[in-house]
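> Sequence plus the predicted model coming up.
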Amino acid sequence: MANKTISLDPKKSKRARIALYANPKAMAHDSGTKNYKISERTIRSIEEGKEVKLSTAENYSTILGFRVDELANDPALVDSRELEIDISKNQIFGPCSKNLLEDWRSHYSNEDQPPWNDLDIVRGTEREMISNVKVATLRPASLAQIVDCANDYKSQSQSFLCSQADSHGLGGEGNQVPFIRHDLIWLLQPSIKPDKTLVDKLEQLQEGLSKANLTDRKNIAHSAESMVQQLKTNFMIKNLITTIDNENQLRFMFGELSSDCIDTFTRKTLIQGEFQHSQVKRKVLMLCLNFVNLARVKYCAWQIPKVDT
């Protein structure tokens with residue numbers, strides 16, 4: 001979608017621009033202050049009906065207070081209220097769980113050093129599982145969903161993999177198996193150009209979720225301390241979300257990505273393939289323009305092969 005080109009209706013575009021700016025030069029000069037920099041030459045090209053990148057058309061429309069589909073020559077060609085994001089080249093899940101590795105370790109005595117270098121069990125799971133591309137749908141996030149993301153800001157959940165690429169468990173004690181932590185995933189609509197004020201707000205939100213994550217682990221459930229901290233976090237996040245919406249015309253989308261995972265191991269597993277499976281998930285927050293109603297995220301996940309009957 002980032003490479004898509006469209007043309008805007010010359011009459012609609014020029015009429016919308018004249019309502020705010022006397023000429024393209026004035027709009028170009030002001031665009032930098034609105035954090036959607038666009039040149040005078042590009043503005044003239046748009047108003048002549050020439051094709052431009054979708055992201056450029058979005059910037060032009062946003063500066064004038066319109067959605068790009070409202071000014072497009074053919075609105076059917078683009079629905080700016082829907083996005084597609086592709087993160088399928090990133091490894092965000094491993095094929096096996098910590099339980100599987102603990103079972104693998106139990107087959108050795110305390111004096112033995114498990115053959116992590118060989119990683120037969122991990123390679124076995126990767127032979128057992130299929131890596132494929134899935135699509136998850138994100139929708140406008142509620143305050144409760146954003147607050148709930150604090151639990152996964154730094155997640156205790158992990159999955160493990162054989163390849164050392166894109167993992168955080170390289171080397172380590174006992175030649176530790178590479179792992180991926182199922183932390184909260186943050187995404188940004190490509191056409192957004194954050195300014196310092198927006199970055200500051202996002203930093204406050206990040207710090208709030210991080211603090212809530214640490215506090216949840218330290219405080220006793222249903223205690224006064226836990227309740228007060230939750231109320232403070234909710235209040236802070238609500239104010240930030242409202243400010244980001246009103247001042248920056250942005251909103252968060254929320255969804256979950258999921259993947260199959262091999263969970264248990266027995267002595268029969270490597271011979272007969274009798275694995276037990278579970279499912280792991282990662283939550284996603286995506287910052288986008290506030291008229292976006294839906295986002296689709298393509299990602300790479302592991303899948304249990306279908307058995308022929």
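On my side now, so go ahead. Only a predicted model underlies this, so the values are computations on that prediction, with no experimental measurement involved. Residues are numbered from 1 along each chain as shown.
> if you average pLDDT over the top helix by length along the chain, what comes out?
Using DSSP state H, we find that the single longest helix of the chain is helix 224-248. Across helix 224-248, pLDDT averages out at 83.
> That helix packs against which elements?
In terms of contacts (3 or more CB pairs under 8 Å, 6 or more residues apart in numbering; DSSP states H and E), helix 224-248 is packed against helix 143-148, helix 196-218, strand 250-264. Heads up, the C-betas are built off the backbone N, CA and C, glycines and all.
> Show me what the very next helix or strand once past the shortest one is packed against.
Translated: helix 143-148. Using DSSP states H and E, the helix or strand that follows helix 143-148 in sequence is strand 158-160. When contacts are defined as 3+ CB pairs under 8 Å, 6+ apart, strand 158-160 packs onto helix 98-105, strand 179-181.
> at 10 Å what do you get?
Contacting strand 158-160 under the criterion 3 or more CB pairs under 10 Å, 6 or more residues apart in numbering; DSSP states H and E are the following elements: helix 98-105, helix 120-128, strand 179-181, strand 250-264, strand 276-289.
> between the fourth one and helix 224-248, how many degrees?
Angular relation of strand 250-264 and helix 224-248 on a 0 to 180 degree scale: 130 degrees, by axes from the mean of the first three to the mean of the last three CA atoms, to 10 degrees.
> the inter-axis angle of strand 250-264 versus helix 196-218?
Using the same axes, to 10 degrees: strand 250-264 against helix 196-218 is 40 degrees.
> follow-up on the earlier one: mean pLDDT lowest where, among the helices and strands packed on helix 224-248?
Between the helices and strands packed on helix 224-248, the one with the least mean pLDDT is helix 196-218; it has a mean of 80.
> still on that earlier bit, so for Ser13, which of the helices and strands packed on strand 158-160 sits nearest?
Between Ser13 and the helices and strands packed on strand 158-160, the shortest gap by CB to CB is with strand 276-289, which sits at 18.2 Å.
> pLDDT on that closest one, on average?
Per-residue scores along strand 276-289 average to 89.
> so what strands line up beside the helix or strand just after that strand?
Sequence order places strand 294-303 as the next helix or strand after strand 276-289, per DSSP H and E. Here strand 294-303 is paired, per DSSP bridges, with strand 82-86 (parallel), strand 130-140 (antiparallel).
> Which residues are in contact with the residue nearest to Pro305 when sequence neighbours are not counted?
Once flanking residues are discounted, Pro305 sits nearest to Ile130: 5.4 Å by CB to CB, 6 or more residues apart in numbering. The contact partners of Ile130, by CB atoms under 10 Å, 6 or more residues apart in numbering, come to 95, 260, 301-306.
> Which members of those residues are the farthest-apart pair?
Pro95 and Lys306 (16.3 Å).
> Between the two, point out the one with more neighbours.
Neighbour count, other CB atoms under 10 Å: between Pro95 and Lys306, Pro95 has more, with 26 against 7.
> the domain parsing of this structure - what is it?
5-80, 84-303 (automatic domain parsing).
> any low-confidence regions in the stretch 1-150 of the chain?
1-3, 35, 75-81, 104-128 (pLDDT under 70).
> Please give me every residue in contact with Ser210.
150, 153-154.
> Give the full set of residues in contact with Ile43.
13-14, 17, 21, 23-28, 31, 52, 56, 60, 63.
> Could I get the buried residue list for stretch 178-190?
Residues 178-180, 182-185, 187, 189 are the ones in stretch 178-190 that count as buried (16 or more other CB atoms under 10 Å).
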